[in-house]
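Student: requesting a structural model of the entry that follows:
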Amino acid sequence: ITYTVSPTNGTSEVQSLQVDNSIFQIGFRGVYTAIQSARPTASDIQAALNDLPTISPLLVSVTATSTLYIITFPEDMG
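Tutor: Now for the predicted structure:
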């Protein structure tokens, strides 16, 4: 995931992640989640991302459809 900051607008960054039935990892600022099984829940992805030291103590939120995850970063990620 590439996260960009726009300090003048104060809006949350939103990224989408399309996956198929294979295993995968998500990286943020050089740190990666544990390997995710095929079709994890939005809660699984959210917990894995929020455990990363490059995100914690802030929290991302994740929603999902069948194969698309929407990851929302807080506006104060800086």
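Student: middle-most residue in this protein, spatially?
Tutor: With distances taken as C-alpha atoms, centre = their mean, residue 71 lies nearest the centre of the chain, 4.7 Å away.
Student: so what's that residue bridging to?
Tutor: Counting by DSSP bridges, residue 71 forms beta bridges with residue 15, residue 62.
Student: ok, now how distant is it from residue 24?
Tutor: 13 Å (C-beta to C-beta, to the nearest Å). In short, each C-beta sits where N, CA and C put it, glycine included.
Student: pull the number of nearby residues for residue 34.
Tutor: Using other C-beta atoms under 10 Å, residue 34 is surrounded by 10 other residues.
Student: is it located within a strand, as I assumed?
Tutor: No - Residue 34 is assigned coil when assessed by DSSP: H, G, I helix; E, B strand; the rest coil, not a strand.
Student: who are the contact partners of the nearest residue to it once chain neighbours are set aside?
Tutor: Nearest residue to residue 34, sequence neighbours excluded (C-beta to C-beta, 6 or more residues apart in numbering): residue 48, at 6.3 Å. Residue 48 is in contact with 26, 33, 34, 36, 40, counting by C-beta atoms under 8 Å, 6 or more residues apart in numbering.
Student: for the residue nearest to the centre of the chain, give me the pLDDT.
Tutor: According to the prediction, residue 71 has pLDDT 96.
Student: likewise residue 8?
Tutor: If you check residue 8, the pLDDT there is 56.
Student: quick check, the residue nearest to residue 34 in a helix?
Tutor: Yes - under three-state DSSP, residue 48 falls within a helix.
Student: please renumber so the chain begins at 22
Tutor: Right, with 22 as the first residue, what we last looked at is residue 69.
Student: how much space separates it from residue 32?
Tutor: 24 Å.
Student: now, of the contacts of residue 69, which are buried?
Tutor: 47, 54, 57, 61 (16 or more other C-beta atoms under 10 Å).
Student: look at the last one and give its secondary structure.
Tutor: This points to residue 61. Taking three-state DSSP, the label given to residue 61 is coil.
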